[in-house]
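[1] Sequence first, predicted coordinates after that:
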2 protein chains.
Amino acid sequence: MFPSLATPALLLDLGVAERNLEAMAARAGALGVALRPHAKTHKCVELAERQRTLGARGLTVSTLDEAEVFAEAGFDDITWAFPVAPAEATLGRVERLAERVRLGLLVDSLEALEALERLGRRLAVWIKVDCGYHRAGVDPHGELLLELGRRLAVSPVLQPAGVLTHSGHAYAARGREVLARVAEEERSVMVAAAARLRAADVPVPGVSVGSTPAMMAVDSLEGVTEARPGNYVFHDLSQVTRGAASMDDIGVSVLTTVVSCQPGARHSVVDAGALALSKDAGCGDTGMGLALDVTDRPAGTLVSLSQEHGILDRPWPVGTRLRILPNHSCLTVACFDAYDVIRDGRLTGRWGVRRVRG
Amino acid sequence: MFPSLATPALLLDLGVAERNLEAMAARAGALGVALRPHAKTHKCVELAERQRTLGARGLTVSTLDEAEVFAEAGFDDITWAFPVAPAEATLGRVERLAERVRLGLLVDSLEALEALERLGRRLAVWIKVDCGYHRAGVDPHGELLLELGRRLAVSPVLQPAGVLTHSGHAYAARGREVLARVAEEERSVMVAAAARLRAADVPVPGVSVGSTPAMMAVDSLEGVTEARPGNYVFHDLSQVTRGAASMDDIGVSVLTTVVSCQPGARHSVVDAGALALSKDAGCGDTGMGLALDVTDRPAGTLVSLSQEHGILDRPWPVGTRLRILPNHSCLTVACFDAYDVIRDGRLTGRWGVRRVRG
């Protein structure tokens, strides 16, 4: 399998990824929302360009590094979907970036809002709302939502962009019915938060929701203006476990070589470890990843990972090449500098994973 | 704390690292073995140069990428301590590298030995032995050890380098006494394996052992010629848990900023997630990492990590800067492109983390 590639290598199955991209674009269209894909999963200019061709309005990113990479590549409408740190080094980069692109920023604290205001520059600011994940974001029923909204509404420089959330708790759900319930909760919380703000005379142009599993299951997005799923380009074993995708939808895998298998042993050792797959344990009985052989048949489960070694629960002859389906494609992609792109089982090129680390 | 740095940032405390380097060099000297430090932990030319100045004989690496980086930087004696994959793309790189440096290679299978022999080039080959970790390596009591030894002894091109092992099971041990027992087992197994080979007329110039916790605890390395610890340059919370280091010995940390803390919440959110710390869960009750405040006082435990978010079990004002001590320094370092180097609490420079990913 791909003898010209040194292992471990990150394989991108372009046919699968393109099908996933088209399906989500169609889904967003059917639900009547704009799609602003989260590029944190693929970190890849070529894939972002395909998303744009399919009608994506702009991009979502997680880090300023990603924002800078995509700005450099010509994307001019980027939401940094992470609470802005009111820190000198961060704000300097925000300022420089905002000169080049339409930059959406998130706040869920007065400290961050005031720091942005002190920059004295026109910036589009979203209020991050907690729709049930309880990680970050303001309480949709609390006072801080209204206070942030009012401050934005009267700001001479900041522009209210609307309310934004991430239904990260959809990642703990299992089965399409439960996912659909989480997604509807996200929608209704956000629509209600927008209504509270509007009742207080705060303009709410956008209502933005996120997460691939919620998008795969949701029945209606009435009142929502845009969605920001990211993982859907590749999916992974965790999405399959939670019922948001099937095995055939997984668009990335790690090519590996069996490097050790002792006489009589019931395991073998492959050259894909934590530095190739991450230590994400997934959310089902998929170990640290599932192996496929050259004919795509199941070839074992990775039972543990150390830095560069993976332990497979089956013996395979030394030199055997396998592909590992990852538990979490976002973290696996982040382990590599580049994709080896395949289409119909043939290598067709090499695309960069554009990540500055940390 | 370091307002000029955008977070997350990888801080290297050079005073601590230099003390760790000196202590291990002294320890190897007292034990009468050569030190061949494993560079997989630091991936840093400047630190490898300090190890060389302190008398290290050569370097150990885990990947061909690392071998190529250090060869380029002028290190001419490198052991690639990972079983060679008998795969075309790998062997081509091995050949090119062996033209430039004295390259030590590992085999634990006939397939790999025969693939190396077919290259027709003088190569130093170690036999990897399983000293109790049961991951890779030949059974020290089995036939394959002797067969590999005899094949090396008569090979017209390959040169027997000796026997090599990694006591990875020391990572599961707790307390200096247990660590010392594991280390003594490693030593005695390897000395016996060498004796078996020598009795079969196989030259065994080197007996090489590894792992920081074993080196920190071992009483004698009689019969061993070299040691290959790596983690000791930085240690980490896992080494502290297992009793191989103290908190003051930890030489790297991740600078982070609190980006969200809601009114009344008992947690806060920092901008160091799985992409800054890895998802290594450690081996004690250190959560996903421990936070220190600006005065180095305990500031909470990271209870969970998602891709870019870390959840801390204490509320801190938005904008607060903290340092996170990592569970596993090797994987944390691999998340970054560079160290921000500090000495006596002051920033003094920036050194590259030389990693090609995967």
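    Cool, got the structure. If you're wondering where the values come from, they're calculated on a predicted model, not measured in any experiment.
[2] Near chain B, which residues of the stretch 251-358 of chain A? Just list them.
    With CB under 8 Å from any CB of the partner chain as the criterion, the stretch 251-358 of chain A meets chain B at residues A:257-263, A:269, A:271, A:274-276, A:278-281, A:306-309, A:311, A:317-319, A:321, A:330-331, A:334-337, A:353, A:356-358. (C-beta placed from N, C-alpha, C; glycine too.)
[3] Produce a ChimeraX select command limited to the buried residues of those residues.
    Buried residues among those (16 or more other CB atoms under 10 Å in any protein chain shown), as a ChimeraX selection:
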select /A:257,258,259,260,261,262,269,271,274,275,276,278,279,280,306,307,308,309,311,318,319,321,330,331,334,335,336,353,357,358
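[4] out of the residues of the stretch 251-358 of chain A next to chain B, which are inside strands?
    A:257-260, A:269, A:311, A:321 (DSSP state E).
[5] Between all of those, which two are separated the most?
    A:311 and A:321 (17.1 Å; CB to CB).
[6] Distance-wise, check residue A:123 relative to chain B.
    Per CB to the nearest CB, to the nearest Å, residue A:123 is found 17 Å from chain B.
[7] Just give me the neighbour total for that residue.
    21 (other CB atoms under 10 Å in any protein chain shown).
[8] any idea of the pLDDT on it?
    Residue A:123 carries a pLDDT value of 96.
[9] Same question for the one 3 residues further on.
    With respect to pLDDT, residue A:126 scores 98.
[10] who does the helix or strand containing it pair up with?
    Taking DSSP states H and E as the definition, one finds residue A:126 inside strand A:123-128. Strand pairing for strand A:123-128, determined by DSSP bridges: strand A:102-107 (parallel), strand A:158-164 (parallel).
[11] got a list of contacts for that strand?
    Here strand A:123-128 makes contact (CB atoms under 8 Å, 6 or more residues apart in numbering or on different chains) with A:79, A:83, A:94, A:98, A:102-108, A:113, A:116, A:136-138, A:145, A:148-149, A:152, A:157-165, A:197, A:206, A:208, B:260.
[12] any chance you could map the strands in the stretch 1-150 of chain A?
    For the stretch 1-150 of chain A, applying DSSP state E, counting those that start in this stretch gives strands covering A:9-13, A:34-35, A:59-61, A:77-83, A:102-107, A:123-128.
[13] ok, residues contacting the first one?
    When contacts are defined by CB under 8 Å, 6+ apart, strand A:9-13 is touched by residues A:2, A:234, A:251-255, A:276, A:323, A:332-333, A:335-336, A:338-343, A:351, A:353, B:358.
[14] again, but for the longest one
    Among residues not part of strand A:77-83, those counted as contacts by CB under 8 Å, 6+ apart are A:36, A:38, A:57-64, A:67, A:70-71, A:94, A:97, A:101-109, A:112, A:126, A:128, A:136, A:164, A:166, A:208, A:210, A:228, B:259-260, B:269, B:271, B:308-309, B:318.
[15] Report the distance from it to the chain centre.
    12 Å (CA atoms, centre = their mean, to the nearest Å).
[16] and it with strand A:102-107, angle?
    10 degrees (axes from the mean of the first three to the mean of the last three CA atoms, to 10 degrees).
[17] Pull out the CA atoms of strand A:77-83 and give them to me as CSV.
    Output of strand A:77-83 as CSV, limited to C-alpha atoms (Å, rounded to 0.1, in the frame of the first residue of the first chain):
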residue,chain,number,x,y,z
ASP,A,77,-14.2,36.8,6.2
ILE,A,78,-13.0,34.9,9.2
THR,A,79,-14.5,34.3,12.6
TRP,A,80,-12.1,33.5,15.4
ALA,A,81,-14.4,31.3,17.5
PHE,A,82,-12.5,31.4,20.7
PRO,A,83,-12.9,34.0,23.6
